[in-house]
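1. I would like the atomic coordinates for the input below:
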Amino acid sequence: MGPLLILLLLVLAVLAAFVVAYNGLVTLRNQVRNAWQQIGVQLKRRHDLIPNLVEVVKDYMGYEQETLEKVIRARNQALTATGVQGTAAAEGALTGALRSLFAVVEAYPQLKANENVARLQEELTSTENRIAFARQFYNDLVMRFNTRIQVVPTNVVASLFGIKEEAYFEIPVAEQEPVKVDLR
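-> The predicted model follows:
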């Protein structure tokens with residue numbers, strides 16, 4: 001009876017390890033998904049503020065319509081983007097368009113002094129900071145999740161249950177460059 005009991009305990013221990021590993025992966029995957037939803041909340045806030053800003057500045061920027069159109073076009077693309085990579089690319093383009101808009105606003109003293117523009121810029125800046133923090137938190141969770149999938153013994157459990165790595169929310173390299181504005 002001794003060897004049979006030892007074998008049974010060994011099987012139970014392996015089974016328990018698989019359950020713990022699987023539950024850990026599911027918990028981390030759900031945290032990653034929740035973090036992605038939190039980014040979505042901040043992106044929605046950003047998308048909702050942009051039309052207000054464009055509406056306020058358009059009367060002052062009559063001949064800068066191209067800049068405003070780029071912002072609206074980038075916002076619309078960001079609204080329809082799907083997946084982590086698509087969203088990251090669209091949001092990177094929107095960030096670039098907003099930078100250009102803010103750079104142009106600097107050239108209009110009456111616009112810089114407008115209280116509504118200042119308030120909207122402050123709200124957008126605050127939202128950008130929230131997005132950055134949410135993106136950092138998401139990427140940290142993705143790193144933990146992906147690492148857990150790659151190490152023994154959870155890599156075995158992940159492959160058995162078809163659990164795949166998650167994508168990072170990375171800003172495209174082209175969008176990391178400073179905006180060049182020519183106000184001639």
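2. Off-centre distance for the strand or helix carrying residue 42?
-> Using DSSP states H and E, residue 42 sits in helix 2-58. Here helix 2-58 is found 15 Å from its chain centre; the criterion is C-alpha atoms, centre = their mean, to the nearest Å.
3. can you list the residues that contact the lowest-mean-pLDDT helix or strand in the chain?
-> Scoring the helices and strands of the chain by mean pLDDT, DSSP states H and E places helix 109-112 at the bottom, with a mean of 77. Contacting residues not belonging to helix 109-112 are listed as 57, 60, 61, 105, 106, 117, 118 [C-beta atoms under 8 Å, 6 or more residues apart in numbering]. C-beta coordinates here come from the backbone N, C-alpha and C atoms, glycine included.
4. give me that answer again for 7 Å
-> With contact meaning C-beta atoms under 7 Å, 6 or more residues apart in numbering, helix 109-112 is reached by 57, 60, 105, 106, 117.
5. Please flag which of those sit within helices.
-> Those of the contacts of helix 109-112 mapping onto helices are 57, 105, 117, per DSSP state H.
6. State whether the last one and residue 57 are indeed in contact, as I suppose.
-> Yes - shown here, residue 117 and residue 57 form a contact pair, counting by C-beta atoms under 7 Å, at 6.1 Å.
7. These two: who's more crowded?
-> Per other C-beta atoms under 10 Å, whichever of residue 117 and residue 57 has more neighbours is residue 57, with 24 against 19.
8. can you count the residues close to residue 115?
-> The burial count assigned to residue 115 is 8, neighbours taken as other C-beta under 10 Å.
9. cool, residue 72 as well?
-> Residue 72, neighbours per other C-beta under 10 Å, totals 15.
10. Can you check the pLDDT for it?
-> Residue 72 is assigned a predicted lDDT (pLDDT) of 92.
11. so what's the residue nearest the centre of the chain up against?
-> In the chain, the C-alpha nearest the mean C-alpha coordinate belongs to residue 135, at 4.5 Å (C-alpha atoms, centre = their mean). When contacts are counted by C-beta under 7 Å, 6+ apart, residue 135 is found next to 39, 169.
12. For it, pull up the helix or strand it's in.
-> Assessed by DSSP H and E, residue 135 sits inside helix 115-150.
13. Please identify the buried residues of that helix?
-> Residues of helix 115-150 classed as buried under the neighbour-count rule (16 or more other C-beta atoms under 10 Å) are 117, 120-121, 123-124, 127, 130-131, 134-135, 138-139, 141-142, 145-146, 148-149.
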